[in-house]
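Undergrad: Please work out how this folds:
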Amino acid sequence: MNIKQAKQEITNTLRAYLTRDELGNYLIPSIRQRPVLLMGPPGIGKTQIMAQIAAETGVGLVAYTITHHTRQSAIGLPFIEHRTYGGEETAVTEYTMSEILASVYNLMERTGLKEGILFLDEINCVSETLAPMMLQFLQCKTFGNRALPEGWLIVAAGNPPEYNRSVRDFDVVTLDRVKRIDVTEDFGVWKEYARAKGIHGAVVSYLDIKKDHFYKIENTADGLCFATARGWEDLSELIIAYEKLGLRVDKGVIEQYIQLPAIARDFANYLELYYKYQRTYHVDDILNGRAAAITVSEFRAAPFDEKLSVMGLLLTRLSESCRAVRRQETLCDALYEELTAFRDATEGEDPASALERLASLQQLALRREQAAGQSGKESRETHMRTANALSDYAAKVREAGIGMKAEAMPLVREGFASETDKREALAETAGSQLDAAFRFLEQSLGQGQEMVLFVTELTAAADTSWYIQQFGCDAYYRHNRELLFDDTRRRLTQEIAQAKAREV
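TA: Below is the predicted model of the structure:
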């Protein structure tokens, strides 16, 4: 299965394991809660989905790359304890708590979360001395005489032997005690993730054209060469940072991430073309509704790959604009909840102090999410922006010398109104850009296969589809209806042709 399906399966497993009966006991007893063994090639997102699952289900996450550990850190250090058996005192060897188990208990203490996921990466690459302990842990959920707390799902991940020469095969006894999920790379799933995550447009549009370059591992005379999903995402982050600094990513830099020379060279050439198309077609002018006639005619006559690249530029800018609206909407929703609590609170507390307390609670929630392994980039941004806005309101209230909540509310509402006005302005900009993009494509291409691809991409991309659902887009609806009509007509034509063929 692909990584998206694996994520859903692990989520379902976690929910099933955490379901309780009418007496409050886990419906599936701990001994029958099999660890999940997630096997797949490196760099396809096995680690990332763990944080996503933890955040979406509200449980804790403790993650370890197990190859970094020794037998002592896993099982604990030995010490001598004196006990009496049959009237005789005997020296007995016991062990301190495993560092891994201690981390689980530490998270529970810091966050108050009693249930979670213990993720052990590279499980089949452990050292020879640690291997028996890890097999025992998968089978019995214990290190030495100490057990993993109830309510914690073990997810172990590993790479198949064709990707790593140091892997160990699991025996039947172990495999019969785990829930094995085999996962493979899937560009379609990664592309959906990439659009939502804001992966650089050049990376997405290039891989859209060269899908076979998304994930490839080759044995060459120079050793193992590879391009992975992780490599593309990390390269994207660097390209975005370089662009902010006014720097260019060249072939040498690309090879540091995409370690397959032919693909690195090909992408380096494409990146130059991508920047050239950005300049030639004046994407900002197109989205501002100022596309020149020469631009329209050049685009109409361009090769198909060039058209795809330019549409990728348009889609990237549209996604960025729609994402800005969605994030501002999220901020407004968070502020509304906090300011409603501020309004409904009883009088007595100094209003500036009350607002600062709410800001502190946002910061505390962020730290709690980070401690639980749940914090993603957008969640972190929302907490920080909400806290900053509340602190700003508090400063203005204090500066105005206001000591009563009722008197502070107009000032607070004014600050909140500025955020909602910003949301409306961003939404209006995104809407006009969508309309302008459709006008440009209609003028240059009409209702061709490129328009089909454009509408499909808008539908599939998380931010643009969210925007259209929330704010609408007449051009999108019009073309979507036409596409649906064309599909229906094509299907009926095929059915008629098939029926005639049967008659003959």
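Undergrad: in a helix, that's where Leu153 is, yeah?
TA: No: under DSSP: H, G, I helix; E, B strand; the rest coil, Leu153 sits outside any helix and is assigned strand.
Undergrad: State the pLDDT value of it.
TA: Per-residue pLDDT puts Leu153 at 91.
Undergrad: Equivalent analysis for His68, please.
TA: So His68 comes in at 70 (pLDDT).
Undergrad: what's the answer for Ala425, then?
TA: Listed pLDDT for Ala425 reads 95.
Undergrad: what's the next secondary structure element after the helix or strand containing Asp305?
TA: Using DSSP states H and E, Asp305 falls within helix 304-344. For helix 304-344, the following helix or strand on the C-terminal side (DSSP H and E) is helix 351-371.
Undergrad: and the residue lying farthest from the centre of the chain, what are its phi and psi?
TA: For the chain, the largest distance from the centre (CA atoms, centre = their mean) belongs to Gly87, which lies 60.3 Å off. Phi and psi for Gly87, reported as degrees, to the nearest 10, are phi 80, psi 0.
Undergrad: Under the pLDDT cut-off, which ranges of the stretch 51-200 of the chain? List them.
TA: For the stretch 51-200 of the chain, residues meeting the criterion pLDDT under 70 lie at 69, 162-168.
Undergrad: can we see that at 80?
TA: In the predicted model, the stretch 51-200 of the chain carries pLDDT under 80 at residues 66-78, 94-97, 123-136, 138-140, 143-145, 160-176.
Undergrad: Give me the buried positions along whichever strand or helix holds Thr459.
TA: Element membership for Thr459, per DSSP H and E: helix 449-460. Across helix 449-460, burial judged by 16 or more other CB atoms under 10 Å covers Glu450, Met451, Phe454, Val455, Glu457, Leu458. In short, each C-beta sits where N, CA and C put it, glycine included.
Undergrad: So for these, which is the shakiest by pLDDT?
TA: Glu450 (81).
Undergrad: Identify the residue nearest that residue in space, chain neighbours excluded?
TA: Closest residue to Glu450 apart from its sequence neighbours, by CB to CB, 6 or more residues apart in numbering: Lys307 at 5.5 Å.
Undergrad: which SS state does His82 fall under?
TA: Here His82 is strand, with the state taken from three-state DSSP.
Undergrad: How much space separates it from Gly289?
TA: 84 Å (CB to CB, to the nearest Å).
Undergrad: right, and Asn145 touches Tyr95 too?
TA: Yes: here Asn145 reaches Tyr95: they are 7.1 Å apart, a contact under CB atoms under 8 Å.
Undergrad: ok, which stretches of the stretch 151-300 of the chain are strands?
TA: Ranges of strands within the stretch 151-300 of the chain are 152-158, 179-182, 216-220, 223-227, based on DSSP state E, counting those that start in this stretch.
Undergrad: Highest mean neighbour count out of these?
TA: Among the strands of the stretch 151-300 of the chain, strand 152-158 has the highest mean neighbour count (mean count of other CB atoms under 10 Å), at a mean of 24.
Undergrad: by contact count, what packs against that strand?
TA: When contacts are defined as 3 or more CB pairs under 8 Å, 6 or more residues apart in numbering; DSSP states H and E, strand 152-158 sits against helix 3-18, strand 36-39, helix 46-57, strand 116-121, helix 131-140.
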